[in-house]
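S.K.: one predicted model, sequence on top.
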Amino acid sequence: MSILRTATGVFALTFGIVCTAAEPTLEEKLQILQQEIDNIKAQLAKSPPQQPTQPANAPAAGANAGATPTVSNTTVGGYGEFTYNKYRNTDVNNNQADLRRFVLFFGHRFNDSIRFYSELEFEHAVVSSGDRGEAELEQAFIDYRINDAANFKAGLFLIPLGILNETHEPPTYYGVERNFVETRIIPSTWREGGLQLYGEFAQGLKYNIGVSTGFDSGKFDDPAFAIRSAHQELQLANANDLSVHGALNYRAPGILAGAGVFTGNTGQNGASNAALKGVSGRLTLWDVHAKYFRGNWDLQALYARGTLGDAAQITNALIASSGNPNLVAPKVFDGWYTQAAYHVWKKGDMSLTPFIRYERFNTQQEVAEGFTADPLNNERVITAGMTFRLHPQVVLKADYQKFRTDSTKDRFNLGLGYMF
Amino acid sequence: MPKLSDWVLISFLTLSAHAVALEQIYQDPEVFISDAFGTRPQPKVLWLTSPAQAEIARILGHPPTQLRQRYWADGIKSVWILEEIGKEEPITAGFVIANGRIDHARVLVYRESRGSEVRYPSFLRQFKDATLTSDAQLSRAIDGISGATLSVSALERLARVALYLDRLSRRQ
């Protein structure tokens, strides 16, 4: 019955519209109408009858009849990357091929204002107790839209620091590997549980301000990654100390300029290391960044710096509990990079873009008095390579990385990435 | 004495209690059409034959779901209201084509969670005077917006479809 109504509606609509211009033949029109009816029948078969297939605020039917794919209230997206790392020195390092990431986005629109977003990530292909793979939720939050000036998100969301942390799909950055500054100084992909207000002050000027869970310095276990190992990822996160964050970004065609800051205590009332009870261990991490991408040029630079209070007490507590004298927490850690890319060839959706990046970072720029920083944590890396874009959302990458401090890490990388 | 994080939390809860939801409609499509012509001409319809569907599918990367495209035209000028998904949600955009060139473009409704900067005139101005090349590309490069890659790409595709449909409407 509903199919009959649909067919009648299509027939009525067809003859209700004023047709001009030289028309296709009657036979072609009938074929087109049949195709439309088939499409509608297929849509009806796919959609539960009570679920609208168009947003409530879509323009009136017919006004926008054109190239609109069917829209469901529940959406699926994703990205992923395959990598191959070949080291110059295979006595120290093992060449590896890896399904580095397989990520699925699930979203749901409850109404025009309330939406749910999530990002489920699998790393290294196999997840089991005997393998190194991981399954993790990188985002899961409710977004409450009010207007352009003020909106809320609550749940597990990405912290708006740097360029990469919020936009980390492989086709959006150069290099097979994500840059070191935004993985070791800014611990991308960095997420916290909390509440955030965001919106626009003026044309292109966006702000974020929020309160969230923070780091737990009692969980620190790897000085080579600065504060990264102390992040909690909302996995039974100790929340005796909350943190606050803020970011300001200006976006215009071909331009991005911005800065962000995150600060909060990390002692967590000694929840994971009793020796830290009563220790503040305030962490403050900030960054400034800029991007210029007009015409064929794509230029980018970023500086990030973190400070950790009570570094001596934290280090003493960590060494006492682990027995590892090298577990030295940083007092200051920082890094910067600059990157240039140039689109040498474009045809349709395809392009070829060589790039070069120089980065310098030190995950133990300063340590507390009486402790010694590992000189290998002060590194400079040159990455030079190429991105071949097969499609705006599918890339092949190749590059070479030269490590100035620890040359045993020098390597050639190949990658294949996608997003949808 | 409450800590800074406590104050931020209290402020959020107070603000959210007063929040009023609004839709992100930047211009009513009917108004866009009227503005383009001064008055609102009768709508016309373009039948998308198989070759036309194939060409649109080549531009969009997926076939069109509607096979009769409504549009408005008067002399050298035509108006097209089109939709395309950026990442998850459809973006509704209007294009005014004059003499086979984009006269102006406007984002009418934006529903995506990120990338709404594509609605600003500084971005949309780049489409002015763009034509369609023989391989169905825009005749001029469009600079993107950081963090809005998929929305930028969706609008570029829609601009190409609008130019193609305008060309098709004049050929028929």
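M.R.: Thanks, I have the structure now.
S.K.: run through the strands of chain B in chain order.
M.R.: Ranges of strands in chain B, per DSSP state E, are B:43-47, B:68-74, B:77-85, B:90-98, B:101-109.
S.K.: what helices or strands is the second one leaning on?
M.R.: Contacting strand B:68-74 under the criterion 3 or more C-beta pairs under 8 Å, 6 or more residues apart in numbering or on different chains; DSSP states H and E are the following elements: helix B:29-37, strand B:43-47, strand B:77-85, helix B:149-171. Bear in mind the C-beta positions are built from the backbone N, C-alpha and C, glycine included.
S.K.: out of those, deepest packed?
M.R.: The highest average neighbour count among those, using mean count of other C-beta atoms under 10 Å in any protein chain shown, belongs to strand B:77-85 at a mean of 25.
S.K.: coming back round to it: need the helices and strands packed on strand B:68-74 in CSV (columns: distance to chain A and mean pLDDT).
M.R.: Putting those into CSV (distance: least, C-beta to the nearest C-beta, whole Å; pLDDT from 0 to 100) gives the following:
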stretch, distance to chain A, mean pLDDT
helix B:29-37, 4, 94
strand B:43-47, 5, 93
strand B:77-85, 4, 95
helix B:149-171, 5, 95
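S.K.: and these: which comes nearest residue A:226?
M.R.: Taking C-beta to C-beta, helix B:149-171 is the member of those nearest to residue A:226, at 28.8 Å.
S.K.: what helices or strands is that closest one leaning on?
M.R.: Helix B:149-171 packs on strand B:43-47, helix B:50-60, strand B:68-74, strand B:77-85, strand B:90-98, strand B:101-109, going by 3+ C-beta pairs under 8 Å, 6+ apart.
S.K.: which of the three states applies to residue A:177?
M.R.: For residue A:177, the secondary structure call by DSSP: H, G, I helix; E, B strand; the rest coil comes out as coil.
S.K.: so it touches residue A:83, yeah?
M.R.: Yes - here residue A:177 reaches residue A:83: they are 7.5 Å apart, a contact under C-beta atoms under 8 Å.
S.K.: what sits in contact with each of the two?
M.R.: Common neighbours of residue A:177 and residue A:83, counting by C-beta atoms under 8 Å, 6 or more residues apart in numbering or on different chains, are A:413, A:415.
S.K.: rewinding a little: export the helices and strands packed on strand B:68-74 to a markdown table and tack on distance to residue B:128?
M.R.: Conversion of those to a markdown table gives the following (distance: least, C-beta to C-beta, whole Å):
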| stretch | distance to residue B:128 |
| --- | --- |
| helix B:29-37 | 14 |
| strand B:43-47 | 24 |
| strand B:77-85 | 14 |
| helix B:149-171 | 11 |
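S.K.: right, so of the ones you listed, which gets closest to residue A:98?
M.R.: helix B:149-171 (24.9 Å).
S.K.: keeping just the C-alphas, turn stretch B:69-86 into PDB.
M.R.: Output in PDB follows, covering the C-alpha atoms of stretch B:69-86 (Å, rounded to 0.1, in the frame of the first residue of the first chain):
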ATOM      1  CA  GLN B  69      16.700  18.000 -10.400                       C
ATOM      2  CA  ARG B  70      14.600  21.100  -9.600                       C
ATOM      3  CA  TYR B  71      16.200  24.400 -10.400                       C
ATOM      4  CA  TRP B  72      15.300  28.000 -11.100                       C
ATOM      5  CA  ALA B  73      16.400  30.000 -14.200                       C
ATOM      6  CA  ASP B  74      15.900  33.300 -15.800                       C
ATOM      7  CA  GLY B  75      17.900  34.200 -18.900                       C
ATOM      8  CA  ILE B  76      21.600  33.600 -18.400                       C
ATOM      9  CA  LYS B  77      21.200  32.900 -14.700                       C
ATOM     10  CA  SER B  78      20.300  29.700 -12.900                       C
ATOM     11  CA  VAL B  79      20.100  28.700  -9.200                       C
ATOM     12  CA  TRP B  80      20.800  25.300  -7.800                       C
ATOM     13  CA  ILE B  81      20.100  24.100  -4.300                       C
ATOM     14  CA  LEU B  82      22.100  21.000  -3.600                       C
ATOM     15  CA  GLU B  83      23.100  18.800  -0.700                       C
ATOM     16  CA  GLU B  84      26.100  16.600   0.000                       C
ATOM     17  CA  ILE B  85      27.500  14.900   3.100                       C
ATOM     18  CA  GLY B  86      30.900  16.100   4.300                       C
END
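S.K.: make JSON lines from the strands of chain B and add distance to residue A:215 to it.
M.R.: Shown next, in JSON lines, are the strands of chain B (distance: least, C-beta to C-beta, whole Å):
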{"stretch": "strand B:43-47", "distance to residue A:215": "58"}
{"stretch": "strand B:68-74", "distance to residue A:215": "54"}
{"stretch": "strand B:77-85", "distance to residue A:215": "37"}
{"stretch": "strand B:90-98", "distance to residue A:215": "38"}
{"stretch": "strand B:101-109", "distance to residue A:215": "39"}
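S.K.: quick one: closest of the ones you listed to residue B:143.
M.R.: Nearest of the strands of chain B (C-beta to C-beta): strand B:101-109, 14.6 Å.
S.K.: measure stretch A:304-317 end to end?
M.R.: 27 Å (C-alpha to C-alpha, to the nearest Å).
S.K.: contacts for that stretch next, please.
M.R.: A:161-162, A:181-182, A:185-186, A:217-218, A:220, A:226-227, A:266-267, A:273, A:275-276, A:279-287, A:327-336, A:367-371.
S.K.: switch to 7 Å and redo it
M.R.: Contacting residues not belonging to stretch A:304-317 are listed as A:162, A:181, A:185-186, A:217, A:226-227, A:273, A:275-276, A:279-287, A:328-335, A:367-369, A:371 [C-beta atoms under 7 Å, 6 or more residues apart in numbering or on different chains].
S.K.: now that stretch: average pLDDT?
M.R.: Across stretch A:304-317, pLDDT averages out at 97.
S.K.: try stretch A:344-354
M.R.: For stretch A:344-354, the per-residue pLDDT averages 93.
S.K.: next one: the residue nearest the centre of chain B from residue B:114, what distance?
M.R.: Chain B has residue B:93 as the residue nearest its centroid, 2.4 Å off, counting by C-alpha atoms, centre = their mean. Separation of residue B:93 from residue B:114 (C-beta to C-beta, to the nearest Å) stands at 17 Å.
S.K.: do the same with residue A:43
M.R.: 27 Å.
S.K.: looking at these two, which is more packed in?
M.R.: residue B:114 (17 against 13; other C-beta atoms under 10 Å in any protein chain shown).
S.K.: who's in contact with stretch A:325-333?
M.R.: A:185, A:217, A:220-221, A:223, A:226, A:306-308, A:311, A:314-315, A:318-319, A:362-368, A:371, A:373-374.
S.K.: report the beta-bridge partners for the residue nearest to the centre of chain B.
M.R.: residue B:82, residue B:107 (DSSP bridges).
S.K.: give the contact list for it.
M.R.: B:82, B:105, B:106, B:107, B:108, B:155, B:158.
S.K.: which one of these is nearest to residue A:388?
M.R.: residue B:155 (24.3 Å).
S.K.: shouldn't residue A:259 be in contact with residue A:288?
M.R.: Yes - with contact defined as C-beta atoms under 7 Å, residue A:259 counts as touching residue A:288 (4.5 Å).
S.K.: stretch A:81-94 - what's its average pLDDT?
M.R.: 94.
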